[in-house]
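*Asks:* take a look and give me a structure for this.
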Amino acid sequence: MKTLVDIDETLLKEAMKVSKASTKKETIHRALAEYIRAGHRQALKGLAGSGIVDMSLSELRRARRRRRG
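*Replies:* Down below sits the predicted model:
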């Protein structure tokens, strides 16, 4: 999908350096993916102690490794 967005060029250049992406498009894709992952992490942290997720950190890491497979 094509979308026209006005992005601060300085921020985009810095993001390209940090992400080591070779294109602006790749940089934006990586940034969006990381933003989504961070949101999921925050949501999971919010469940800590709620009883909904009853796993230790090491158990969660093992589950992640199995999922990536």
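*Asks:* for the spatially most central residue of the chain, give its distance to His40.
*Replies:* With distances taken as Cα atoms, centre = their mean, Glu34 lies nearest the centre of the chain, 2.1 Å away. In this view, Glu34 and His40 are 11 Å apart by Cβ to Cβ, to the nearest Å. Every residue, glycine included, has its C-beta placed from N, CA and C.
*Asks:* next, count neighbours for Lys24.
*Replies:* Neighbour count of Lys24, defined by other Cβ atoms under 10 Å: 14.
*Asks:* now it, nearest residue through space, not along the chain?
*Replies:* Leu12 (6.2 Å; Cβ to Cβ, 6 or more residues apart in numbering).
*Asks:* that neighbour contacts Thr27, correct?
*Replies:* Yes. With contact defined as Cβ atoms under 8 Å, Leu12 reaches Thr27; the gap is 6.5 Å.
*Asks:* between these two, which has more neighbouring residues?
*Replies:* Between Leu12 and Thr27, counted using other Cβ under 10 Å, the more crowded position is Thr27 (21 against 14).
*Asks:* does that one sit in a helix or strand, and which one?
*Replies:* Here Thr27 sits within helix 24-46, counting by DSSP states H and E.
*Asks:* only C-alpha atoms, please: export the next helix or strand after that helix in CSV.
*Replies:* Next helix or strand after helix 24-46 toward the C-terminus (DSSP H and E): helix 57-68. Presented in CSV, the C-alpha positions along helix 57-68 are these (Å, rounded to 0.1, in the frame of the first residue of the first chain):
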residue,chain,number,x,y,z
LEU,A,57,10.7,-15.5,32.7
SER,A,58,12.8,-18.6,31.9
GLU,A,59,9.6,-20.5,31.0
LEU,A,60,8.5,-17.7,28.7
ARG,A,61,12.0,-17.7,27.0
ARG,A,62,11.8,-21.5,26.4
ALA,A,63,8.4,-21.1,24.9
ARG,A,64,9.6,-18.4,22.6
ARG,A,65,12.5,-20.5,21.4
ARG,A,66,10.2,-23.4,20.7
ARG,A,67,7.8,-21.1,18.8
ARG,A,68,10.7,-19.8,16.6
